[in-house]
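[1] No sequence on hand, only this structure:
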């Protein structure tokens, strides 16, 4: 499978970040990564800065996943966002989910769950799950 989609993975847990990168690359995606917003932005800019999907942990050092998504959207209004976390305690993220400007995958997740969520977030397969409950 080949794709021209680039995914920016931002996760401070190195083992999880590398596993997600490996899974996404095995499905043909171009993956940029970072442990926080600063390193992710630097890596992305170094490689041309084009990102189709931000796959970010909600709880990151420095900017939260929600804050980083807002920052990136100020440059790319069409950016798709998929948050990953063990909880939905961030009000900004809940607002994004309620407004359907982002999607969410609950940790821990399987490789198959990851791929389905990524494909739905990118619009590569239809999201038939109905309304997400973000409250």
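    All right, it came through fine. These numbers were taken from a predicted model, which means no experiment stands behind them.
[2] residue closest to the middle of this structure?
    With distances taken as Cα atoms, centre = their mean, the residue of the chain nearest its centroid is residue 55 (1.2 Å).
[3] any idea how far residue 34 is from that residue?
    Residue 55 sits 11 Å away from residue 34, going by Cβ to Cβ, to the nearest Å. Placement of C-beta: from N, CA and C, glycine included.
[4] hey, what's in contact with both of those two?
    Shared contacts of residue 55 and residue 34 (Cβ atoms under 8 Å, 6 or more residues apart in numbering): 8, 9, 10.
[5] ok, so of those residues, who is nearest residue 110?
    Closest approach between these and residue 110, by Cβ to Cβ: residue 9, at 16.6 Å.
[6] quick one: that closest one and residue 35 touch, right?
    No. Using Cβ atoms under 8 Å, residue 9 is not in contact with residue 35; the gap is 10.0 Å.
[7] Work out the gap between stretch 107-117 and the centre of the chain.
    Centre-to-centre, stretch 107-117 and its host chain are 12 Å apart (Cα atoms, centre = their mean, to the nearest Å).
[8] and that stretch, what's its mean pLDDT?
    Average pLDDT, stretch 107-117: 97.
[9] try stretch 60-73
    In this model, stretch 60-73 has an average pLDDT of 91.
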